[in-house]
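Trainee: whatever this is, show me its structure:
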Amino acid sequence: MIRSSVRFFFLATAISVAIFFGGPTHAQPFAGGTGTISDPYQISTPVHLYNIRENLSAHYIQINDIDLNVAPFNEGYGWTPIGNSSMKFMGSFNGQGFTISNMYMDRTNNDYCGLFGYITSLAVIKNTCLI
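Mentor: Prediction:
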């Protein structure tokens, strides 16, 4: 009985901390869209860009310039690439000629670093400008 109460307390505390502090994905996930090819998710902030990793097979368009020189993307290891060896990006991303600037990464011992880490042959990345 006491063991269950302690377990419940720790679970409730962990959930409360996660809700209170949140992470990049707890903000508005995207500026609009439904993620389909005819109505792609709209990316307008660093958090929207980060949230692409939540659905690696959806379609995305960038709708303005994005500056990644903001926390938490400019701290610690910096930007975490979208897609990894077990979950590759297979959707589409159209930067529409807008820029993504100040992408910081401190991952000198890692391979597959960049805006996207791993993509499949199905992925389409176009009109994207990193400065």
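
Trainee: tell me the secondary structure at Leu49.
Mentor: Secondary structure, DSSP: H, G, I helix; E, B strand; the rest coil: Leu49 is helix.

Trainee: can you tell me how far it is from Met105?
Mentor: 14 Å (CB to CB, to the nearest Å). (Glycine included, C-beta is placed from N, CA and C.)

Trainee: ok, these two, which is more surrounded?
Mentor: Set Leu49 next to Met105 and count neighbours by other CB atoms under 10 Å: Leu49 wins out with 23 against 16.

Trainee: which strand residues bridge the residue lying closest to the more buried one once chain neighbours are set aside?
Mentor: Once flanking residues are discounted, Leu49 sits nearest to Ile43: 5.4 Å by CB to CB, 6 or more residues apart in numbering. Counting by DSSP bridges, Ile43 is bridged to Gln62.

Trainee: ok, now how distant is Ile43 from Asp65?
Mentor: 11 Å.

Trainee: neighbour count winner among the two?
Mentor: Neighbours per residue (other CB under 10 Å) separate Ile43 from Asp65, with Ile43 holding more: 28 against 14.

Trainee: the more buried one contacts His59, doesn't it?
Mentor: No - between Ile43 and His59 there is no contact under CB atoms under 8 Å: 10.8 Å.

Trainee: any low-confidence regions in this structure?
Mentor: 1-27 (pLDDT under 70).

Trainee: that older thread, which residues touch the residue nearest to Leu49?
Mentor: 30-31, 49, 52, 60-63, 66, 93 (CB atoms under 8 Å, 6 or more residues apart in numbering).

Trainee: mind putting those into TSV with distance to Ser86?
Mentor: Output for the contacts of Ile43, formatted as TSV (distance: CB to CB, whole Å):
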residue	distance to Ser86
Phe30	24
Ala31	29
Leu49	21
Ile52	16
Tyr60	21
Ile61	26
Gln62	26
Ile63	30
Ile66	27
Phe93	20
